[in-house]
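S.K.: Got a sequence here, can you model it:
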Amino acid sequence: MEKSLIRKHLKELFPIFSQSELIDEIVENGQYMEVPSKTSILSAGSVIQVIPIVFSGSVKVVREEKTGQSVFLYYIREGESCALTLSSCLKRETSSAMAWTESDTQLIALPVESVYNFVRRYPSWNDFVIQTFNSRFEELLQLVDNVCFQKIDARLIKYLNTKCALLKTKELAISHQEIANDLATSREVISRLLKQLEKKGGVQLSRGKMTILEINSI
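M.R.: Numbers count the residues shown, from 1 in each chain. The predicted structure is shown next:
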């Protein structure tokens with residue numbers, strides 16, 4: 001992508017970058033990338049080399065526990081970055097999360113050296129970091145509320161509707177086990193609930209994928 005177009009996207013998607021010098025440095029130092037769907041861009045325990053700034057598409061962020069179980073945390077959408085990656089970068093720690101693209105994604109990969117420099121020189125970058133932390137904190141609070149106070153059937157419906165909106169499609173290539181992992185429950189529970197949804201005409205199930213029709217309750 002040409003630098004003039006990258007600059008245009010930065011101004012449109014990240015209005016918080018109020019200093020033109022900051023945008024210039026992001027354009028000069030960042031690497032524009034087009035990443036295919038289902039591509040790993042971060043692994044747990046790895047040294048943070050770059051910070052993703054997402055132009056389009058979506059990135060799924062998951063935390064893996066020592067037991068081997070994984071917990072879905074949040075999506076990074078266009079106009080956003082990753083709070084955990086920023087935090088690990090600023091504290092000079094290794095990554096505590098995994099991330100991969102949920103759809104074909106365009107992003108800018110910012111070297112960590114540039115990020116350290118931005119923190120010292122550009123107030124609008126620090127505003128962006130605070131905004132990112134705040135947004136992710138609110139999402140994590142909502143995740144806790146969902147787990148503690150919402151029944152699994154309501155969480156499943158919300159999960160499927162959110163995923164359809166994020167990927168802009170009604171056809172989801174996803175396994176029952178992946179949904180169970182994201183919702184911190186068992187595959188058997190998810191399979192049973194999806195069967196109930198299918199009987200009500202809310203979804204059409206096939207091997208490894210499903211079509212979402214109209215789901216409001218189970």
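S.K.: going forward, measure contacts between C-alpha atoms and count neighbours the same way
M.R.: Will do.
S.K.: Which parts of this protein are helices?
M.R.: Assignment of helices within the chain using DSSP state H yields the ranges 3-13, 20-29, 83-90, 112-121, 123-149, 152-167, 176-182, 187-199.
S.K.: Most tightly packed of these?
M.R.: Burial among those, expressed as mean neighbours by mean count of other C-alpha atoms under 10 Å, is greatest for helix 83-90, which shows a mean of 19.
S.K.: Which strands and helices lie in contact with that helix?
M.R.: Counting contacts by 3 or more C-alpha pairs under 8 Å, 6 or more residues apart in numbering; DSSP states H and E, helix 83-90 is packed against helix 123-149.
S.K.: got the angle between the helix it packs on and helix 112-121?
M.R.: Taking axes from the mean of the first three to the mean of the last three C-alpha atoms, to 10 degrees, one finds helix 123-149 and helix 112-121 inclined to each other by 110 degrees.
S.K.: name the helices or strands packed onto helix 123-149?
M.R.: Looks like helix 123-149 contacts strand 70-76, helix 83-90, helix 112-121 (3+ C-alpha pairs under 8 Å, 6+ apart).
S.K.: Compare the ones you listed and give me the one nearest residue 167.
M.R.: Taking C-alpha to C-alpha as the criterion, strand 70-76 is the member of the helices and strands packed on helix 123-149 that comes nearest to residue 167, at 11.1 Å.
S.K.: buried residues in the closest one?
M.R.: Neighbour-count burial for strand 70-76, counted by 16 or more other C-alpha atoms under 10 Å, picks out 70, 71, 72, 73, 74, 75, 76.
S.K.: With adjacent residues omitted, what lies nearest to residue 156?
M.R.: For residue 156, the nearest residue in space outside its immediate sequence neighbours is residue 183; the separation is 7.5 Å by C-alpha to C-alpha, 6 or more residues apart in numbering.
S.K.: Could you pull up phi and psi at that neighbour?
M.R.: As for residue 183, its main-chain torsions (degrees, to the nearest 10) stand at phi -100, psi 10.
S.K.: can you count the residues close to it?
M.R.: Residues lying near residue 183 (other C-alpha atoms under 10 Å) number 21.
S.K.: got a list of what it touches?
M.R.: Applying C-alpha atoms under 8 Å, 6 or more residues apart in numbering to residue 183 gives the contacts 71, 72, 152, 155, 156.
S.K.: Residue 119 too?
M.R.: 125, 126.
S.K.: now residue 81
M.R.: Taking C-alpha under 8 Å, 6+ apart as the criterion, residue 81 is in contact with 51, 52, 53, 54, 132.
S.K.: JSON lines for these, including pLDDT?
M.R.: Formatted as JSON lines, the entries for these read as follows, by pLDDT from 0 to 100:
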{"residue": "51", "pLDDT": "94"}
{"residue": "52", "pLDDT": "95"}
{"residue": "53", "pLDDT": "96"}
{"residue": "54", "pLDDT": "97"}
{"residue": "132", "pLDDT": "94"}
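S.K.: Find the nearest non-adjacent residue to the residue nearest the centre of the chain, please.
M.R.: The centroid of the chain falls nearest to residue 75 when counting by C-alpha atoms, centre = their mean (2.0 Å). Spatial nearest neighbour of residue 75, excluding adjacent residues (C-alpha to C-alpha, 6+ apart): residue 60 at 4.6 Å.
S.K.: May I have the beta-bridge partners of that neighbour?
M.R.: For residue 60, the beta-bridge partners under DSSP bridges are residue 75, residue 100.
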